[in-house]
Structure formats: structure tokens, C-alpha cells
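Q: Generate coordinates for the sequence data below:
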Amino acid sequence: MNSFGGGELESELDSKSLIEVRVETAATPAAELVLRQDGDQWVGEWQGGRLRVRRPAVVAERDGLVCIVRGSPRSVGGNARSAEHWLGLFASRGSEAIADIRGRFAIALIDTRRNVVTLFNDRFDTEPWCYAEEKGALALSDRANGVPVRSRTVSTQAIFNYLYFHVIPSPDTVFNEVRRLLPASRLDWKGGALQLARYWTPRFDEHPGLSLEQAKGRFLDIVQASVEREYTGDGTGAFLSGGTDSSSVSGMLCRISGKPAKTYSMGFDAQGYDEMEYARIAARHFKTDHHEYYVTPDDLLDGIPKVACSYDQPFGNSSAVPAWICATRAREDGVTKLLAGDGGDELFGGNSRYATQRIFGWYNTIPSLLRAAVVEPISALPGMKRIPLVRKGVSYVEQASIPMPDRLEIYNLLIRLGMDKVFTPGFLKGIDVHGPGQLQRATWAEVGDASLVNHMLAFDWKYTLADNDLPKVVGTTRLAGLDVGFPLLSDELLDFSLTLPTEWKLKGLKLRWMFKEALRGFLPDEIITKKKHGFGLPFGVWAIKHPGLRKLATDALESFSARGVMSPAFLREVLEKRLPEHPGYYGEMVWIVMVLEFWLQAHAPQWRFDGA
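A: Model (predicted):
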């Protein structure tokens, strides 16, 4: 029986979730809240509602008003404050108090006297809220599979979205009944009526009021203050891939602590994947207490199922497993919190696609009449693609003619392979293949007036950070028993980035120009000039050479082929022919399907698509 309140409610609080709340439409008169703390958890009941909260989430209560806090919310310019502080602030100022909150957080306010609920999360959704409405009740949790509802059914569309994005972007979850709050959002529920609103959306104002030299100094000051804010003493370490972001964080951590910081790097014994030498350069430069580990195929045999099943919904970022191994090693050394370098690329223009799309954007500077009357008709002439020197020009015109953000997806794995080849006919009829594009276009439109580069940055704050990279790091460090901090995603650094001229981020085609100029003299030159890599995983290469790993993948794909989603013939072709020919490319397809199958085996073993 579910100890939360009856076996009829599905949840997984005992294993993973920190929070479960269920509130019915207000009853009259409302019974007084009974809230008790038992060790590391709080349990509360009142007429029409109940809650259960486990640390590190915390609870404060006053006169029937309950405040639940996860993460480390802090005042503007200040440090983290207690749940009692936020309870008092919201009690006196109402929802307007959110304007004074910074940091990583998820906050719930529950008025048990009227059964009214308000939820907030931070700008990057590092602490998510998942919720469901069910027969006049609101149910919520920090995990999609922890929301206390009477039933959860796997969403066919979400399975497609996962295979398209390799994650399931908010506001959807893998379950039809459960939603996830978008970043920087507010949810209000009263009398059975739910309202959603964004309390913050990015607005770019390229007027820093500073010279370049002043901006570089201001940038370094903010980074140092952000690292210092995340520093919790000798138990604080850092991921170190050898890129500019993780190297900057590691160096600042050494400066702040006044001693060699513990840094952790993962390597791979596979050509083209190992960049451990750059991590060593940074470690020597800052004299860190550096720790290295080379991941092996045998590590993945245990790691893949463990990490895949730990998430509340399918999650296909292949660097999650090395991140978990890295965090586990740090935990064994006594580290209690790791600092990650996520965010530098997305705030300051460090991804190569920003330069690529700027090149395509130049096409739009050609007058539209000239494009329509001359350039595009010539490109469409028969045989043009067979002329080598012309072929690239034709391809450029074809791609440049696609509007943003759709142009970002022209190399999407499913689009390149062909939907009809990948999926069963029945599954294709049961989903909307245009759904992912509609989600992306809605996000793109939220930004309003901004340059192409800034549009892409804000777009990546949702799809690269909030939906992908941050859940990867938060989920794997939590699985390892660690806390994590993201100093390069502080509100102060984000707000600063909004004021910078586009050309300071992408100068011509030079990525992260001001960022790198500011760090010259602090970082080694080799780090500043290297290309970004990170903890990439050579799964495809290993899967064709390592018998155990190949069997793991083969068994998973064969099992998934019976679920009615993907063509069994296509999956066999990938394993037997395509993967050996192109392990890097098709290894990604094998990975995302394998991870999905492991998740389904653990959380929805009977599910299969049975549509016509």
C-alpha cells in the first residue's frame, strides 16, 4: 500500500521523489492543518489535502499557509535564505515577492484554509515542478513519476518527442496526465481552476553602459562572485573537461578557497574522443588537486541501466553516464558538492551552430525580389546539384531559405533517416510529426525583438539547458549523492549577458569573443583556443567491439522492436549494417532507443503502441 494515502494513488516517493502534494477543491469548513516532522520528512493532512516532503526540500508553516522550498533561493544580491523567510515574504507581499528571488529554486505556497496553490520555479527550471489535474484535484511533485494520481499512461506523442529530441521537452512529460512547469513560470490553482504565466522572459537590451575593458572586468567580477556564492567549504569540487567554462570555474574555485580545488575529469580510450590533455593543462595551470578516470566499456554495462532508470522519464543524453561516474568518484573522495561549467556557451555565444546560422542568415540580406527572381530559380534548375562547385551553393540556398528555428533541425536524425523508414505505419498515424516544430516555434516567438544570435541563445536556454544539459548534471549528481552548483548560470551573469552587444558574443565568426578576451591571462592560451568537446562518449565505437556492450544494445533494441513504435527491419539494419559502417552517427540512434527501452522496462514494462 502507498504510505502517502492509499494504494489507489500511483507514486514513487519512497524511492526517488522529494515531494508529493494532493489538494482537492476547497471544502467547507476547512479542517485545521496537522503538520508533523518525522526525521528528515514532513507529513501534513487537512480537509481536502495532504502533503509529504523529504529533505533536502524543506517546509515552513504559519497559520495554515505552507511554504515548500527546494534548491537555494536567495534575495537579490544576497545569500540563500530559509523557508521561513520566504514564507514571510510571500505572506506580506503575495506573488509579487518572486521579483526579489534569485538562484536555483522551486517554491510552492499552499493555503490549506482555502486549498489554494501557487508554484514558482527558476529561470532555467533546474528544480522542476510536475503536476496533474484530476477530477477537481491538483497533484504535484518534483518528479513526473511521483505525481500522486490514480493512473498514469505513457504518452505516444511523448515517445515520439523523445526520439526526436532525445529528451522530452517541457511542458510535456512522458505521461498523458502529467505536465511540467516551463522555466520561469508561475502556476495558480484555486477552486479547481488552473492558470499558468511566465513571470520572466528574456529581453535583450544591447546597451551595457560600459566600455569593452570595463565589461571584461565586470564579467570576471560576476564570475568570481558566482563561484564564491556556490562554494560551501572543503567539500566543494569541480568538473573539469578542459574547456573554457569548466577551467574558469575550477580556477576561480582555487582562487576563492585559497587552496588546490579538487577537480575531476573523465577520459575515453578512443581516437577522437579523448581530450584529457586539456584538463591536465588547466589542472597544472591552477595547481588543482586533480583526479582522472578513464571510462571503459565495462563501466557502461552497469552504468547505462542504472542511470537510464534513475530518471523520472526517458532521458537520452549519452554524456549522463560519464557524468555519473565522475560524480561517483568525487563522492568517494569526500566531495559533497561539484561545480559545473554549464551555461557559458549559451550565455556568451560559444556553440559552433551560432556561427553556422549567421552564415545562413547572410542570405536574408539579399533583397527578396532578387532572391525570388534570380537566385532561387537558378538553384532549382535540373542538374545543378550534379555540378561539384555549384552543389554547395545550391545546398546553401536551400538551407538558408528555411526559416528559423526550423533550419536548426535539418540534420535531425529522424528527418535525415526518414520517418517512414524508422517508424511503423500505425505509430506514424497516431502521432503528430509536426509537434516538435510547433513547440520550438513557440519558444522562438517568445523572445521578441532580438538579433539572430540572441534568438538562438534564448532558444538554447530552453532546449539545450533546461530540457537537456541541466537535468543531465542534476540527475547524475543526485544519483551519486552530491549537490551541484552552476555558477555560470547565476542570475547576475544572465542579466549581464542580456546587455552585451551581439558582436561581443560572436565577433564575425569568432565564438564567445568577449568571454575569451576577458579570460586571457587567467586561462592558459591552449584552453582559450581549443574547440569545445566535453565528456562525449564513444558508445558507437565501443558497441561494435565490446561483446558485452553489443549484447546489451542488441537485447534492448530487440525488446523495443516488439513495442510497435519503430520498424523491426530498420532496427535490425541499424545494428547489423549501419552501426558498423558509421558507429559515431548510428551509435546515437542505438543509444537513445536502448535507454528508452531500459526506462520502459523499469517504469512501464507492459506498455506498447497498439494503435491502428
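Q: Dihedrals phi and psi, the residue nearest to Asp467 when sequence neighbours are not counted?
A: Setting aside the residues directly before and after it, Asp467 is nearest to Pro169 in space (Cβ to Cβ, 6 or more residues apart in numbering), at 4.5 Å. C-beta: built from backbone N, CA, C; applies to glycine. Main-chain torsions, Pro169, degrees, to the nearest 10: phi -70, psi 150.
Q: quick one, what contacts Pro169?
A: By Cβ atoms under 8 Å, 6 or more residues apart in numbering, the contact set of Pro169 is 161, 439, 462-463, 467.
Q: In helices only, show me those residues.
A: 161, 439 (DSSP state H).
Q: quick one: which of the contacts of Pro169 is nearest Leu494?
A: Ranked by distance to Leu494 (Cβ to Cβ), the contacts of Pro169 are led by Lys462 at 13.4 Å.
Q: Chain neighbours aside, what residue packs nearest to the closest one?
A: Thr443 (5.1 Å).
Q: could you dump the helix or strand hosting that neighbour to PDB, C-alpha only?
A: Element membership for Thr443 (DSSP states H and E) is helix 435-446. In PDB, the C-alpha atoms belonging to helix 435-446 read as follows (Å, rounded to 0.1, in the frame of the first residue of the first chain):
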ATOM      1  CA  GLY A 435       4.600  18.600 -32.900                       C
ATOM      2  CA  PRO A 436       8.300  19.200 -32.100                       C
ATOM      3  CA  GLY A 437       8.500  22.000 -34.600                       C
ATOM      4  CA  GLN A 438       5.400  23.700 -33.100                       C
ATOM      5  CA  LEU A 439       7.000  23.600 -29.700                       C
ATOM      6  CA  GLN A 440      10.200  25.100 -31.000                       C
ATOM      7  CA  ARG A 441       8.500  27.800 -32.900                       C
ATOM      8  CA  ALA A 442       6.500  28.800 -29.900                       C
ATOM      9  CA  THR A 443       9.700  29.200 -27.900                       C
ATOM     10  CA  TRP A 444      11.400  31.200 -30.700                       C
ATOM     11  CA  ALA A 445       8.500  33.600 -30.800                       C
ATOM     12  CA  GLU A 446       8.700  34.300 -27.100                       C
END
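Q: pLDDT averaged over it - what is it?
A: Summarised as a single mean, pLDDT over helix 435-446 is 96.
Q: With stretch 554-565 instead?
A: pLDDT averaged over stretch 554-565 gives 98.
Q: before we move on, the earlier item: now for the contacts of Pro169, which pair is the farthest apart?
A: Top of the distance list for these (Cβ to Cβ): Asn161 and Lys462, 13.9 Å.
Q: worst-scoring helix or strand of this structure, pLDDT-wise?
A: Least confident element among the helices and strands of the chain, by mean pLDDT, DSSP states H and E: helix 376-379 (a mean of 49).
Q: contacting residues around the residue nearest to Lys462?
A: With the criterion set at Cβ under 8 Å, 6+ apart, Thr443 makes contact with 405, 459, 462-463.
Q: Pro543 reaches Leu579, doesn't it?
A: One correction, residue 543 is Ala, not Pro. Yes - using Cβ atoms under 8 Å, Ala543 is in contact with Leu579, at 6.6 Å.
Q: where do the contact lists of these two overlap?
A: By Cβ under 8 Å, 6+ apart, Ala543 and Leu579 have these common neighbours: 587, 590.
Q: neighbour-wise, which of those two wins?
A: Taking other Cβ atoms under 10 Å, Ala543 and Leu579 do not tie; Ala543 has more neighbours (25 against 22).
Q: Please report how far the more buried one lies from Tyr586.
A: Distance, Ala543 to Tyr586, by Cβ to Cβ, to the nearest Å: 9 Å.
Q: So what does Leu138 have for phi and psi?
A: phi -110, psi 130.
Q: Kindly state the beta-bridge partners for it.
A: Val23, Glu133 (DSSP bridges).
Q: thought it was touching Arg22?
A: Yes - contact criterion Cβ under 8 Å: Leu138 and Arg22 qualify, at 7.4 Å.
Q: The closest residue to Val43 other than its chain neighbours: which element?
A: Leaving aside its chain neighbours, Val43 sits nearest to Arg52 (5.2 Å; criterion: Cβ to Cβ, 6+ apart). Assigning secondary structure by DSSP H and E places Arg52 in strand 49-54.
Q: which residues are in contact with that strand?
A: Applying Cβ under 8 Å, 6+ apart, the contact partners of strand 49-54 are 4-5, 13, 17-24, 40-44, 59, 66, 68, 110, 112, 115.
Q: What remains of the residues you listed if I keep only buried residues?
A: Among those, those buried by neighbour count (16 or more other Cβ atoms under 10 Å) are 4-5, 13, 17-24, 42-44, 59, 66, 68, 110, 112, 115.
Q: which ones among these are found in helices?
A: Per DSSP H, these never map to helices.
Q: Among those residues, which are located in strands?
A: Taking DSSP state E as the definition of strands, these contribute 19-24, 42-44, 59, 66, 68, 110.
Q: Quick one: those residues as CSV, columns for pLDDT too.
A: What follows is those, written out as CSV (pLDDT from 0 to 100):
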residue, pLDDT
Ile19, 93
Glu20, 94
Val21, 94
Arg22, 95
Val23, 94
Glu24, 90
Trp42, 95
Val43, 95
Gly44, 95
Val59, 96
Val66, 96
Ile68, 97
Ile110, 96
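Q: Nearest to Gly316 among those?
A: Gly316 lies nearest to Ile19 out of these, by Cβ to Cβ, at 25.4 Å.
Q: and stretch 417-429, what's its mean pLDDT?
A: The average pLDDT within stretch 417-429 is 96.
Q: quick one: buried residues of it?
A: Buried, per 16+ other Cβ under 10 Å, within stretch 417-429: 417, 422-424, 427-428.
Q: Just the closest of those to Thr502, please.
A: Using Cβ to Cβ, those come closest to Thr502 at Leu417, 34.8 Å.
Q: Roughly how far does the closest one sit from Lys190?
A: The gap separating Leu417 from Lys190 is 47 Å, by Cβ to Cβ.
Q: same check, this time on Gln41
A: Following Cβ to Cβ, the distance that separates Gln41 from Lys190 is 27 Å.
Q: Likewise for Leu163?
A: 38 Å.
Q: If you count surrounding residues, which of these two has more?
A: Leu163 (23 against 16).
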